[in-house]
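> Next comes the sequence, and after it the predicted model I'd like to discuss.
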Amino acid sequence: MVIAGPIDAYVTSLRGALRGPRSAKADLLTEARDGLTDAAEHYESTGLPRLAAERLAVADFGPVADIAPEYQRELALTQARRTAALVGAAVAAQSLVSELAWRHESTSWTWQPNNLYALLANTVDYAAYAVVAAALLAALACGIGARYVTVGRSFARATGIAAIVVVAFFIAGGILLSAFSPAWTSHSGTGISAWNAAASAATMTLPVWMTVSGLRCVRAAAA
């Protein structure tokens, strides 16, 4: 049976305390292990036995309970950055596909939207612009912007919750716009066009992806 040394035991404990994107978590753990190994090798070069050198390196590094919060903050912000970028790209793509589908299908309509429908459509459109802009700013704040503004796990949590709210808003808006649109019945019995198929695929796939990413964001911020 192989007995883990102090460094291996420490890194294992740190791994269990962290939640977040796998690749980012692996990078942080590798960085921690490398730092501990370098410190142990330094102590070993002064004449200490390897086991004692590792123990001293671990003691210098600090308890997992003290180190984990800062590592977790970094993981939460990484997930928040990914979530914000996903939301911005997904909402922009979904809006573009929906707009193209609408323009393609509306060429054969004589129907004119009433004021209430036009208000709803404009609200959804402008909300999409606002979401894309806000998502870009959030992604920047969690990345390069972290050098200039202070953001932490509460910001990451808010980003995750916002992603879920965005999904709920656009699902509700999409359902209402579809329900009161002539496109709801104009293709009855004739199948759907390629544009409608693309819009439907985006409508069903992207919200699931955004919701999962938002939940991961909340989990990383709460760990």
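Thanks, I have it.
> Could you check the pLDDT of the residue of the chain positioned farthest from its centre?
Most distant residue from the mean C-alpha position of the chain: residue 47, 47.6 Å away (Cα atoms, centre = their mean). Here the pLDDT value assigned to residue 47 is 91.
> same thing with the one 5 residues further on?
The score at residue 52 is 95. That number is its pLDDT.
> For the host helix or strand of it, give me every contacting residue.
According to DSSP states H and E, residue 52 maps onto helix 50-61. Defining contact as Cβ atoms under 8 Å, 6 or more residues apart in numbering, one finds that helix 50-61 is touched by 5-7, 10, 32, 35-37, 39-44, 48, 67. Glycine gets a C-beta too; all of them are placed from N, C-alpha and C.
> Downstream of it, the next helix or strand is which one?
Sequence-wise, the next helix or strand downstream of helix 50-61 (DSSP H and E) is helix 64-106.
> roughly how far apart are residue 50 and residue 61?
16 Å (Cβ to Cβ, to the nearest Å).
> quick one: which of the two has more around it?
A count of neighbours by other Cβ atoms under 10 Å puts residue 61 above the other of residue 50 and residue 61, at 17 against 14.
> before we move on, back to that, now go through the contacts of helix 50-61 and say which are in helices.
Counting by DSSP state H, the contacts of helix 50-61 place 6-7, 10, 32, 35-37, 39-44, 67 in helices.
> Using neighbour counts, trim those to the buried set.
6-7, 10, 32, 36, 39-40, 43-44, 67 (16 or more other Cβ atoms under 10 Å).
> biggest separation within the residues you listed, which pair?
Farthest-apart pair in those is 44 and 67; separation 22.2 Å (Cβ to Cβ).
> Any figure for the gap between residue 77 and residue 134?
Distance, residue 77 to residue 134, by Cβ to Cβ: 16 Å.
> try residue 65
From residue 65 to residue 134 the distance is 35 Å (Cβ to Cβ).
> In terms of neighbours, single out the busier of those two.
residue 134 (17 against 9).
> now the nearest residue to residue 159 once chain neighbours are set aside: how far from residue 138?
For residue 159, ignoring the flanking residues on the chain, the nearest one in space by Cβ to Cβ, 6 or more residues apart in numbering is residue 80 at 4.2 Å. According to Cβ to Cβ, residue 80 stands 7 Å off from residue 138.
> Which of these two has more residues huddled nearby?
Per other Cβ under 10 Å, whichever of residue 80 and residue 138 has more neighbours is residue 80, with 34 against 25.
> Tell me the buried residues in stretch 134-146?
134-136, 138-143, 146.
> next one: stretch 19-34
19-21, 24-25, 28-29, 32.
> residue contacts, the residue most central in space within the chain?
Note on the chain: the residue nearest the mean C-alpha position is residue 83, at 1.9 Å, using Cα atoms, centre = their mean. By Cβ under 8 Å, 6+ apart, the residues touching residue 83 are 159-160, 163, 210, 213-214, 216-217.
> One more: residue 13?
Taking Cβ under 8 Å, 6+ apart as the criterion, residue 13 is in contact with residue 64.
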